[in-house]
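**Student:** Kindly generate the corresponding structure for this input.
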Amino acid sequence: MTKGFLAAFKLSPVIAGTIILMGSNALASLPISSLDDDPCCEEQGIDGEFKLICSPSSSMVYAQVTSVSQLSDVQSTDWAFQALQSLIERYGVITGYPDGMFRGNRAMTRYEFAAALNAALVRINELIAAGFKDRVSEEDLATLQRLRADFAPELATLTGRIDRLEVQIAQLEANQFSTTTKLTGFINFNLDGANAPGNVRIERIDPTDSSSVPRRGSGNRPIVTKVEDDPNITFSYLAGLFLTTSFTGRDTLATSLFAGNGDSSTNAYTSAGLFNTFGVPLLDLTPSTTPSDLVLAEVFYSFPVSNSLQLTVAPLFFWLRYFDTNAFTSAFGRGAGGFNTYGSTLIQNLGRSTGAVMLWRINEQFDFRVGYATNTDGANPTRGLFDSTRAVTAQLTYSPMRNINLRFLYDYSIIKPVDGQIKTKPIIGIADDGFGGALDDATANSFGFNFDWLVTSKFGIFGRYTYSTTNLNPVADGLPDGNLRAQSFQVGVAFPDLGKRGALATLTYVWPFDVLQGRKFLVSGGGDGGTQFDIEATYYYPVTNNIAIVPYFYITGNANNFDDNPLIYSGTVQVQFSF
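**Tutor:** Next comes the predicted model:
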């Protein structure tokens with residue numbers, strides 16, 4: 001009899017125990033299609049939801065029944081109920097309601113009863129398998145056999161339901177990610193002003209217009225004018241929206257929109273070609289040619305090629321997202337964030353670019369990335385991807401410890417002239433052939449080093465050094481090619497969590513553009529041979545998770561590379577709202 005009894009088990013003990021502990025509400029929450037076999041259940045709408053209601057149908061014939069198997073429910077006074085209760089108490093079957101009690105005064109549906117019966121079958125099977133056969137009486141085995149026969153359809157139905165549930169769970173786990181799009185954004189208010197205790201020498205023909213062009217005068221020397229009046233205080237904004245979509249959970253389709261009207265007061269003191277360089281936070285700008293116009297700033301797609309390789313393809317993206325980053329400098333408002341401090345001033349940065357970046361995470365200590373980018377002429381058929389201003393940038397990052405990052409960069413760029421002049425990095429300013437004439441395409445090589453070190457949890461240091469050479473090719477016959485060599489340098493200290501958790505204070509010193517050779521080619525930016533320096537103090541203070549106040553303070557010496565220029569003091573109070 002025991003051998004035949006052992007062959008009766010169909011449900012696993014874990015599943016059966018789980019079902020009975022879940023109680024009748026859990027069974028009722030199963031898909032309606034799996035309960036069609038239950039003659040006492042029907043689907044009804046309640047408060048806009050569909051629930052399973054178990055009650056005698058109005059069409060049912062009420063007549064005396066002679067077998068438990070004909071009952072639509074099991075009462076606490078029924079033989080089957082009392083027999084099972086006796087078995088549960090004698091053999092320690094923990095079943096019933098979530099509190100572990102088998103409540104002998106409550107009626108059960110036949111399916112609840114079948115689940116409880118299965119738990120009892122499993123428990124007794126465990127006793128027999130463990131060698132305690134003598135503890136199970138023949139009378140109890142006979143009772144179980146009778147109960148199993150009376151409730152065979154319900155036991156079979158439960159087995160089918162569990163099988164269907166397992167299939168549904170497997171399907172959900174295999175398709176648990178759905179396409180989602182996340183919207184985030186920010187709005188920054190910028191209040192800024194600047195002052196110089198004397199006239200500031202600049203290289204542009206109109207000192208009252210920061211967009212004015214430079215020219216050469218007698219002796220082919222750049223024309224120098226003076227800014228005599230301090231600019232007024234300005235109040236501006238910059239807003240951005242980011243739409244981030246994922247199709248697989250590992251990829252990213254990103255779109256960003258920007259609008260703003262920033263024009264920092266410090267720009268009044270700049271030579272031509274130095275607009276938005278010193279004394280200006282990166283997030284205090286106008287992202288379009290017309291203030292407050294909404295512009296599409298980025299559209300790119302990143303996806304994994306393998307577990308360690310990621311590729312980004314971008315009709316439009318910010319180069320600075322991927323190269324020359326630093327733990328204590330930031331283009332987006334936390335850390336040193338001026339135009340001359342967030343990144344190297346000499347590594348080619350095409351701003352909004354077209355191109356691709358490959359990121360290879362070699363191991364926990366090394367990552368390598370390489371990118372190809374063109375300016376926005378990449379979508380222009382007359383220039384395209386390979387006949388516009390373009391650059392190849394490579395960076396190797398070595399992190400010997402979690403708190404130290406060392407980055408080595410190389411950048412090769414081909415620069416198209418604009419109006420016969422070279423006006424982009426690694427030149428800060430404007431270059432011609434040295435005689436006011438036009439230049440052909442220029443090529444540049446830049447080598448950079450960038451590090452950050454969190455010395456303690458409250459103190460860090462960081463810095464950069466870049467060396468560049470730019471080969472200039474005059475259009476006019478008879479003029480030799482020339483080289484413009486320059487270097488930039490930055491060192492800073494950082495104080496994380498100063499005053500509040502999440503805060504960050506930084507102090508940094510920068511040489512943005514120290515000309516080593518070829519100053520004669522600069523119609524703007526060369527000054528009188530001096531070396532400009534910038535000192536920036538920044539304090540990011542999070543008021544809440546979504547509001548931060550960020551004061552920036554700048555001191556600029558030898559502005560525009562003129563040794564005799566007075567110190568320029570400028571500052572910005574930025575309020576950041578993020579969501």
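**Student:** host element of residue 437?
**Tutor:** Using DSSP states H and E, residue 437 falls within no helix or strand.
**Student:** right, and it touches residue 478 too?
**Tutor:** No. Applying CB atoms under 8 Å as the test, residue 437 and residue 478 come out as separate, 10.8 Å apart. From N, CA and C alone the C-beta is placed, and that goes for glycine too.
**Student:** quick one: which of those two has more around it?
**Tutor:** The neighbour count for residue 437 versus residue 478, taken as other CB atoms under 10 Å, is higher for residue 437 (15 against 5).
**Student:** From residue 473, how far off is that one?
**Tutor:** From residue 437 across to residue 473, the span is 11 Å (CB to CB, to the nearest Å).
**Student:** From the chain's centroid, how far away is stretch 504-520?
**Tutor:** 31 Å (CA atoms, centre = their mean, to the nearest Å).
**Student:** and if you look at stretch 296-308?
**Tutor:** With CA atoms, centre = their mean, you get 11 Å for stretch 296-308.
**Student:** Ok, stretch 287-297 next?
**Tutor:** Relative to its chain's centre, stretch 287-297 lies at 24 Å (CA atoms, centre = their mean).
**Student:** what sits up against it?
**Tutor:** Residues from elsewhere that reach stretch 287-297 (CB atoms under 8 Å, 6 or more residues apart in numbering): 238, 240, 255-261, 263, 316, 318, 352.
**Student:** farthest-separated two in those residues?
**Tutor:** 255 and 263 (26.2 Å; CB to CB).
**Student:** So which of these two has more stuff around it?
**Tutor:** Comparing residue 255 with residue 263 by neighbour count (other CB under 10 Å), the higher total belongs to residue 263, at 21 against 16.
**Student:** max-length helix in the protein?
**Tutor:** helix 152-174 (DSSP state H).
**Student:** Which strands or helices does that one pack on?
**Tutor:** Here helix 152-174 touches helix 13-28, helix 110-129, going by 3 or more CB pairs under 8 Å, 6 or more residues apart in numbering; DSSP states H and E.
**Student:** returning to what we had before: of the contacts of stretch 287-297, which count as buried by neighbour count?
**Tutor:** Buried by 16 or more other CB atoms under 10 Å: 238, 240, 255-261, 263, 316, 318, 352, out of these.
**Student:** Mind putting those residues into CSV with pLDDT?
**Tutor:** Shown next, in CSV, are those (pLDDT from 0 to 100):
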residue, pLDDT
238, 97
240, 96
255, 96
256, 96
257, 97
258, 96
259, 97
260, 96
261, 96
263, 93
316, 93
318, 90
352, 81
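**Student:** Just the residues you listed: which are in helices?
**Tutor:** Counting by DSSP H, no part of the buried ones among the contacts of stretch 287-297 is found in helices.
**Student:** Return the member of the residues you listed nearest to residue 419.
**Tutor:** Each of those was scored against residue 419 by CB to CB, and residue 352 proved nearest at 20.9 Å.
**Student:** and that closest one, how far is that from residue 318?
**Tutor:** Taking CB to CB as the measure, residue 352 falls 6 Å from residue 318.
**Student:** what touches both of the two?
**Tutor:** 297, 298.
**Student:** Now do the helix or strand encompassing residue 313: which elements does it pack against?
**Tutor:** Taking DSSP H and E as the definition, residue 313 sits inside strand 309-318. Counting by 3+ CB pairs under 8 Å, 6+ apart, the packing neighbours recorded for strand 309-318 are strand 295-304, strand 352-361.
**Student:** List the neighbouring strands of the next helix or strand after the last one plus their orientation.
**Tutor:** Where DSSP H and E defines the elements, the next helix or strand beyond strand 352-361 is strand 366-374. Note on strand 366-374: by DSSP bridges, its sheet partners are strand 352-361 (antiparallel), strand 390-401 (antiparallel).
**Student:** now the shortest one against strand 295-304, angle please.
**Tutor:** Just to be clear, that refers to strand 352-361. Relative orientation of strand 352-361 and strand 295-304, computed by axes from the mean of the first three to the mean of the last three CA atoms, to 10 degrees: 20 degrees.
**Student:** Now strand 352-361: buried residues?
**Tutor:** In terms of neighbour count (16+ other CB under 10 Å), strand 352-361 has its buried residues at 352, 353, 354, 355, 356, 357, 358, 359, 360.
**Student:** again with stretch 487-495
**Tutor:** For stretch 487-495, by 16+ other CB under 10 Å, it's 487, 488, 489, 490, 492, 493, 494, 495.
**Student:** could I get those as JSON lines with secondary structure and distance to residue 191?
**Tutor:** Listed next are these as JSON lines, based on DSSP: H, G, I helix; E, B strand; the rest coil; distance: CB to CB, whole Å:
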{"residue": "487", "secondary structure": "strand", "distance to residue 191": "34"}
{"residue": "488", "secondary structure": "strand", "distance to residue 191": "29"}
{"residue": "489", "secondary structure": "strand", "distance to residue 191": "30"}
{"residue": "490", "secondary structure": "strand", "distance to residue 191": "26"}
{"residue": "492", "secondary structure": "strand", "distance to residue 191": "24"}
{"residue": "493", "secondary structure": "strand", "distance to residue 191": "26"}
{"residue": "494", "secondary structure": "strand", "distance to residue 191": "24"}
{"residue": "495", "secondary structure": "strand", "distance to residue 191": "24"}
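**Student:** Give me the pLDDT for residue 130.
**Tutor:** At residue 130, the pLDDT value in this model is 76.
**Student:** Could you measure from it over to residue 82?
**Tutor:** From residue 130 over to residue 82 (counting by CB to CB), the distance is 27 Å.
**Student:** Neighbour count: these two, which is higher?
**Tutor:** Neighbours of residue 130 and residue 82, each counted by other CB under 10 Å, are more numerous for residue 82; the result is 13 against 9.
**Student:** what is the mean pLDDT for the helix or strand harbouring that one?
**Tutor:** Element membership for residue 82 (DSSP H and E) is helix 79-91. In this model, helix 79-91 carries a mean pLDDT of 73.
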